[in-house]
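Visitor: Fold the following for me, if possible:
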Amino acid sequence: MSEESVQALGAAIDAAQAIVCFTGAGISTESGIPDFRSPGTGLWTKIQPIQFQDFVASESARQESWRRKFSGDRSFADAQPNLGHQAVARLVEMGKCHAVITQNVDNLHQNSGVPDSQVIELHGNTTYAKCLDCHQRYELSDLQLEFEETGTVSDCAKCGGLLKTATISFGQSMPELQMQQSQQAIEQCDLCIVMGSSLTVYPAAGFPEYAKRLGATLAILNREETPLDDIADIVVREQIGPTMALLVGLN
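Guide: Next up, the predicted model:
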């Protein structure tokens, strides 16, 4: 059954002209990045996340957030794109995939060679910081030096706003531009390939369902069951990297 589904996915990729790849934590766990939400093992089951409202309102909450960022797990900083990311990049390079919608914040799609303009980050990016008001970008290496020297991170030098890693935190609104870009990409696709997403976090998980409703082929490549398996045209329960590498001809 698994071999048949892999072959079906390969045939769908060959036939498609406008693919959207929708990626979740499962594609990056193969690069050594831990999942945030898995029951019992996810990072958020071990450390209570700081709510966006608390970050904005409390200096101590901001200090704790930066302390976690600079003293925590280095898996994000050390991670490299794996075969799954490279296979997605190959689909983009081939002209078959016009957009990568990702729930991940690790920048690995960009690091694998996918242009920034074709990566839509629904939950932001943890590899840099920005001002919450004017959106000026700040490099984490500079902020870490300041935090280690002073125990705090200064406000934005440009407008005085608060600086925060460029991720979407609990309680923070989803980014309107990226939501619009995702909708447009889905409306233009003839194949949506979900890779490594549990499809339980909304509104992001609504995009593959929307693709199916519009008539696109929906393929789900994930080690575990998802709520959309029943409506998917193709379901593959294999590792993402080796499976996709095989299908796009990576050696």
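Visitor: Phi first, then psi, for residue 14.
Guide: Note on residue 14: backbone dihedrals following degrees, to the nearest 10 are phi -60, psi -40.
Visitor: If we ignore the residues flanking it in sequence, what's nearest residue 244?
Guide: Closest residue to residue 244 apart from its sequence neighbours, by CB to CB, 6 or more residues apart in numbering: residue 87 at 3.5 Å. All C-beta atoms are positioned from the backbone trio N, CA, C, and that covers glycine.
Visitor: need the next SSE after the strand or helix carrying that neighbour, C-terminal direction.
Guide: Element membership for residue 87 (DSSP states H and E) is helix 83-93. Counting by DSSP H and E, the element after helix 83-93 in chain order, helix or strand, is strand 97-102.
Visitor: Now do the buried residues in the helix or strand just after that following strand.
Guide: For strand 97-102, the following helix or strand on the C-terminal side (DSSP H and E) is helix 108-111. Of the residues in helix 108-111, 108-110 count as buried by neighbour count, 16 or more other CB atoms under 10 Å.
Visitor: quick one: contacts for residue 159?
Guide: Residues in contact with residue 159 (CB atoms under 8 Å, 6 or more residues apart in numbering) are 131, 133-134, 136.
Visitor: Is it correct that it falls within a helix?
Guide: No. Read with DSSP: H, G, I helix; E, B strand; the rest coil, residue 159 is coil and lies in no helix.
Visitor: Look up how far residue 246 lies from it.
Guide: 49 Å (CB to CB, to the nearest Å).
Visitor: in the stretch 151-251 of the chain, which segments are predicted with low confidence?
Guide: Within the stretch 151-251 of the chain, the segments meeting pLDDT under 70 span 251.
Visitor: Where does residue 55 fall, secondary structure wise?
Guide: helix 52-57.
Visitor: How far away from the center of its chain is the next helix-or-strand element following that helix?
Guide: Using DSSP H and E, the helix or strand that follows helix 52-57 in sequence is helix 59-71. Between the centre of helix 59-71 and the centre of its chain there are 23 Å (CA atoms, centre = their mean, to the nearest Å).
Visitor: Cheers, nothing more for now.
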